[in-house]
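Trainee: Give me a model of this one.
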Amino acid sequence: MTELGRIYWTRQGLRLAYAAALLWLTLSVLTALMTKGAPGGGAGVAVVADVFQGILGRVGSAAALPGAAAVVLAVIAAIVTARDVRRRDPVRRFTRQQRRDGMARAGGRCELEAGFGRRCGRPAEHGDHFYPWSKGGSTSLQNFVAACARCNRAKRARVPSPGQQRRMERRRREYLPPSSSVRVGERQPLP
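Mentor: As a prediction, the model looks like this:
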């Protein structure tokens, strides 16, 4: 669980830092546009050109640092995504045996949470990767989760939070025999 939690919080931190950099960039540009330059004497096209040149100079200097921060964060996110692609399990679909075992383990009911940490009560229609395949989740019985169509669509390809993982394992303790494993989520190692 510690690895999946670290991955989740790293991604959340990257999203938050990128949003902060974009907000910083926006505020810097707006502040640069609102400041008044020194009024120029004279009239005509030369004065208008000087005003636009002054505006572009202020905006450019104000946007340099936050723009560079946003670019650096975008490059880091691209590297993380590229590593996820390299982690992908070569087999995306669960085997029939894995699907049968996973559905039997879940009792034919959806294992995802419907709200307030409760287990969804609908019949399971899909076998889903708890840790998304597109993010490097393995195609194994440990990463298999039985899901109804509605919960499967709502989950999409999001990395589950450590809290979601703990709640899933706690719910599994309620309906699985004590001898079976309740662990959920598994990630492919880097090649």
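Trainee: which residues touch the nearest residue to Ser181 once chain neighbours are set aside?
Mentor: Using C-beta to C-beta, 6 or more residues apart in numbering and skipping residues adjacent in sequence, the residue nearest Ser181 is Gln142, 7.2 Å away. Every residue, glycine included, has its C-beta placed from N, CA and C. Neighbouring residues of Gln142 by C-beta atoms under 8 Å, 6 or more residues apart in numbering: Ser181, Arg183, Val184, Gly185, Glu186.
Trainee: pretty sure Arg173 is touching Val182, no?
Mentor: Yes. Between Arg173 and Val182 there is a contact under C-beta atoms under 8 Å: 5.4 Å.
Trainee: Name the residue in the two with the higher neighbour count.
Mentor: Legend: neighbour count by other C-beta atoms under 10 Å for Arg173 and Val182, higher for Val182 (16 against 11).
Trainee: just to confirm, which helix or strand has that one in it?
Mentor: For Val182, there is no host helix or strand (DSSP states H and E).
Trainee: dump the residue contacts of it.
Mentor: Per C-beta under 8 Å, 6+ apart, neighbours of Val182: Glu169, Arg172, Arg173, Leu176.
Trainee: Make JSON lines from the residues you listed and add pLDDT, secondary structure and distance to Ile76 to it.
Mentor: Output for the contacts of Val182, formatted as JSON lines (pLDDT from 0 to 100; DSSP: H, G, I helix; E, B strand; the rest coil; distance: C-beta to C-beta, whole Å):
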{"residue": "Glu169", "pLDDT": "91", "secondary structure": "helix", "distance to Ile76": "31"}
{"residue": "Arg172", "pLDDT": "90", "secondary structure": "helix", "distance to Ile76": "35"}
{"residue": "Arg173", "pLDDT": "91", "secondary structure": "helix", "distance to Ile76": "37"}
{"residue": "Leu176", "pLDDT": "88", "secondary structure": "coil", "distance to Ile76": "39"}
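Trainee: Can I have the buried ones of those as a ChimeraX selection?
Mentor: The buried residues among those can be selected in ChimeraX (16 or more other C-beta atoms under 10 Å) with this line:
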select :169,172
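Trainee: need the strands for this structure, in chain order.
Mentor: Remark: strands assigned in the chain by DSSP state E are 113-115, 118-119, 126-129, 144-147.
Trainee: Select, out of those strands, the one closest to Ala69.
Mentor: Using C-beta to C-beta as the criterion, the shortest distance between Ala69 and these is 33.4 Å, found for strand 126-129.
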